[in-house]
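K.L.:
Prediction below, plus the sequence it came from.
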Amino acid sequence: MKLTRLVPVIVIGIGLLPPMTAVQAETYNLTVDQVTIDTGDFTRTGIGYNGTSPGPVLRFKEGEDVTINVTNNLSSSTSIHWHGLILPFEQDGVPGISYTGIEPGETFTYRFPIVQSGTYWFHSHSGFQEPDGAYGAIVIEPKGREPFRFDREYVVQLTDAHPHSGSRVMRNLKMMPDYYNRQQRTFMDFLSDVDSKGLEPTLSDRADWGDMRMMPTDIEDLQGVTPLINGMGPTANWTGLFEPGERIRLRFINSSAMTYFDIRIPGLQMTIVQSDGNNVQPVKVDEFRIAVAETYDVIVQPKEAKAFTLFAESMSRSAFARGTLAPAEGMTAEVPMLREPPLLTMADMGMAHEGMDHGAMAMDNGAMNHGTMGQSGMPMGEHVMQDGKMMSGMDHNSMGQGMSSTNAHVMPDGSSMEGMDHSAHGGMAVDTADPFYAPGSGLTPTAYNDGKFLSYADLKAQKPLYPDREATREIELRLTGNMERYIWSINGVKYADADPIVLQYGERVRFKFVNETMMAHPMHLHGMWSILDNGNGKFDPVKHVISVAPGTTVYTETEVDAPGQWAFHCHLSYHADSGMFRKVVVEGGPNQQAAASGNDILAGGVQ
Amino acid sequence: MIKRTLIAAAFTLAGVTAASAEPLIWGVDVEKFEYRLGEQNGNAYAWDFDALVGTDEMKFVWRSEAEYATDERSFEVLDNQARVQIPVSTFFDGVVGVLASTPKGPDRFYGVLGLHGLAKQWFEVDMDLYVSNKPFARAEIDYEGLITNRVTLTPSWEVTLPLKDDPVIGLGAGGIKSEIGLRLSYDLVDRLLSPYVGVHYESTYGDTARYRSEDGKSRDATYLVTGLKMLF
């Protein structure tokens, strides 16, 4: 570890200014270095900050002006993007959009005011440096009091370290899209399916998938990872200490290149208090899913003097991160087994409607109505699937849950459900189904203890950040791709061939994300907030990453309040790089020089 | 390296910024690299690989196929193709290129027109027309059957159909040459190295078979094969 590791220099306003109005201006120094990453399973060279990966936790204060000197010690160009921070676009750190990047040997000085609080992170936006280890955490202390209490806090930063360099992973995926998928269905699975479901349904299921040339196991493009917590593998066992009875704030950050995690701490209920840095009305959950690049702040209160395992399973159950909360170093608790890998269903292929119609028809024939359906706990069995064909391979359990969510706000075609009055559907209320998954989706999560699994629908802003108003217009973004060629795109056009999305300063844009692929995409708009329309009106949560599950349509709204040009992309590294990426240009707005208060806050330049 | 620089330069000219510069796609896919143990026509070494470089929009492929007879110490087959692949549909690329066929005996050169891609139910398909004054057509179908996630059984079938007589190189119009393979491989290191064992059965029909017989060879031959599949 280098001595330069984070030396904050506090420059207090001089003279007679009372402390209340003193603008803090702190300077931080980061070096971008080649480092060695040891996951316990393998050791590789990678990229880090101030000699380590992850880099140091940057602790800012809301209201301060920060100066960050970033020195590039690599032999290639680099950049740092401050993920989730609201700042002038020249400071956003995306080569080719915000600036030209930081060349080898150069020091670039970022200067921007900190106008928010919460948990965020930073990472390189150049090539595959982020998957190669170039990431770190940002914690911003708020000016005012927070609406929740805690006695101590830990950053829990997850990543999915892989023995291959990012560029090699990309190349392998282009050569063979299923290169890393070691959960494919095999002849052995075929035999066991024939055994449990019969020959004909099994053959028909395989034929349906083969007809599309798609795989129900296509959930994680990159397997073979060792998930890390704060740079430590499952055997190194990152440990957070506590005194029994204390309230611990865990700042979860998913800095993975490609991996969604399902997180739980067996024996402890978790209270979600922040999502993507913004306070939400507390939700008690047993487990939650964190999409790539999201953050969740969670409060737990272990009362007993014993160890608790912090367990983060990858969405397709190919790997896990593990840490421990304990009263003393060295204590451990039982580490759970990985659960069965899920399988995608035809619903995830965007065929839910076809399938659902058949299902619904069968139900009507069976003299059931949707109202009783929702309340009856869904005794749906094979008998409902009269057409059998498309549904034969479906997971009937999750199917059942899906069926009960016919009032879901998020429907695969998105058309008719917009603006529905959710309260009017109390009679067929959703209990366990998550409306942010296609009805019948194989990805719909369930809690390990059959308890509460967080849904996007549960997120309500603590205090609305913006007044609620009608969007001025809607922009449809179809998330598209060609898995066989490993090309990912928006509206069928990849970044290299696309025109920028042009927004007008001052408008409120409604984005309609239609996921036409079979993968979940964590969509990240730089520079401006994404207000997730989850039916909570003015309490719709404010986020910087919106995960759009396969076969679903999700709406977000953005107050276009940041002039300049910004990146907008899927945060799965290899999807962004193969084309699911756009430049957003915000036209108009206050003169940027004026906005910089006449000083050089915006200027940040190479020294 | 020069090619890489040129392509990078092309990207820059096209106005593609650092945020979107798509990395060059390149790799070598060695489907067969094997030793064939046969009764009828003796033993042989054989290979079949594609080396490719390019982008999503266009790939340059060097395809090489060879059979080297150990008894005769000569190439029974030595085909090298320069192919350009351009996507024509979601799952298929169109192919144009040239083939230089230079085994023992006279050389032959052809233009190539074809299709390469993935058909429904996961069949990998190549269909090529080799154009000269003595043209022929060839189709190849492979299927990777997963026994487990590391053990793969790959049946393959390659059919060559001469459209005109070319007796000097042993092809008779309409006389099909068929090669059926069944290879059981194990992914030893990622998908980089997958050793395999298998059987390979070649048969000829019509005039092609007759020319073979006249050459003192068996019309058909069965081989036990052992080799390495590689992808890097």
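P.N.:
Ah, there it is. Numbering: from 1, shown residues only, chains lettered A, B, ... in the order given.
K.L.:
Looking at stretch A:158-178 now, give me its mean pLDDT.
P.N.:
Stretch A:158-178 shows a mean pLDDT of 97.
K.L.:
Give me the distance between the two termini of that stretch.
P.N.:
Start-to-end span of stretch A:158-178 (CA to CA, to the nearest Å) is 24 Å.
K.L.:
Is any residue of that stretch near chain B?
P.N.:
Yes: Stretch A:158-178 is in contact with chain B by CB under 8 Å from any CB of the partner chain, via A:Ser167, A:Met170, A:Arg171, A:Asn172, A:Lys174, A:Met175, A:Met176. The C-beta positions use only the backbone N, C-alpha and C, and glycine is treated the same way.
K.L.:
just stretch A:30-43 next, same as before
P.N.:
No: between stretch A:30-43 and chain B, judged by CB under 8 Å from any CB, nothing touches; the nearest distance is 12.6 Å.
K.L.:
Just the buried positions in that stretch, please.
P.N.:
A:Leu30, A:Thr31, A:Val32, A:Asp33, A:Val35, A:Ile37, A:Asp38, A:Thr39 (16 or more other CB atoms under 10 Å in any protein chain shown).
K.L.:
Grab the CA positions of that stretch and hand them over as CSV.
P.N.:
Taking C-alpha atoms only, stretch A:30-43 is exported to CSV below (Å, rounded to 0.1, in the frame of the first residue of the first chain):
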residue,chain,number,x,y,z
LEU,A,30,-5.7,8.8,-6.5
THR,A,31,-3.2,6.9,-8.5
VAL,A,32,-4.3,4.3,-11.1
ASP,A,33,-2.0,1.3,-10.8
GLN,A,34,-1.4,-2.1,-12.0
VAL,A,35,-2.1,-4.4,-9.0
THR,A,36,-2.2,-8.0,-8.1
ILE,A,37,-5.6,-9.4,-7.3
ASP,A,38,-5.8,-12.6,-5.1
THR,A,39,-9.2,-14.1,-4.9
GLY,A,40,-8.2,-17.2,-3.0
ASP,A,41,-9.1,-19.2,-6.1
PHE,A,42,-6.7,-17.5,-8.4
THR,A,43,-4.2,-14.7,-8.6
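K.L.:
residues in contact with it?
P.N.:
For stretch A:30-43, contacts defined as CB atoms under 8 Å, 6 or more residues apart in numbering or on different chains pick out A:2, A:4, A:6, A:44-53, A:55-56, A:68-74, A:78, A:80, A:102, A:124, A:133-134, A:161, A:163, A:226, A:228, A:231-236.
K.L.:
buried subset of these?
P.N.:
Buried among those (16+ other CB under 10 Å): A:6, A:44, A:46-53, A:55-56, A:68-72, A:74, A:78, A:80, A:102, A:124, A:133-134, A:161, A:163, A:226, A:228, A:231-234, A:236.
K.L.:
So which of the residues of stretch A:158-178 next to chain B sit within helices?
P.N.:
A:Ser167, A:Met170, A:Arg171, A:Asn172, A:Lys174, A:Met175 (DSSP state H).
K.L.:
isn't the third one right up against B:Val53?
P.N.:
No: counting by CB atoms under 8 Å, B:Val53 is not a contact partner of A:Arg171; they are 10.8 Å apart.
K.L.:
Let's have the buried residues of stretch A:30-43 in JSON lines, adding secondary structure.
P.N.:
Converted to JSON lines, the buried residues of stretch A:30-43 look like this (DSSP: H, G, I helix; E, B strand; the rest coil):
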{"residue": "A:Leu30", "secondary structure": "strand"}
{"residue": "A:Thr31", "secondary structure": "strand"}
{"residue": "A:Val32", "secondary structure": "strand"}
{"residue": "A:Asp33", "secondary structure": "strand"}
{"residue": "A:Val35", "secondary structure": "strand"}
{"residue": "A:Ile37", "secondary structure": "strand"}
{"residue": "A:Asp38", "secondary structure": "strand"}
{"residue": "A:Thr39", "secondary structure": "coil"}
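K.L.:
Which one (most neighbours) among the ones in helices among the residues of stretch A:158-178 next to chain B?
P.N.:
Among these, the one with the most neighbours (other CB atoms under 10 Å in any protein chain shown) is A:Lys174, at 25 neighbours.
K.L.:
Next up, the contacts around the closest residue in space to that residue that isn't next to it in sequence.
P.N.:
Spatial nearest neighbour of A:Lys174, chain neighbours left out: B:Ile25 (4.5 Å); criterion: CB to CB, 6 or more residues apart in numbering or on different chains. When contacts are counted by CB under 8 Å, 6+ apart, B:Ile25 touches A:Arg171, A:Lys174, A:Met175, B:Leu52, B:Val53, B:Gly54, B:Thr55, B:Asp56, B:Lys59.
K.L.:
Could you report the neighbour count for the last one?
P.N.:
For B:Lys59, the neighbour count with other CB under 10 Å is 22.
K.L.:
related to what we said a few turns ago, check the residue nearest to A:Lys174 and give its pLDDT.
P.N.:
B:Ile25 is assigned a predicted lDDT (pLDDT) of 93.
K.L.:
For the chain, which helix or strand comes out least confident on mean pLDDT?
P.N.:
Since you didn't name a chain, this refers to chain A. helix A:370-375 (a mean of 34; mean pLDDT, DSSP states H and E).
K.L.:
If anything else comes up later, I'll come back, but that's it for now.
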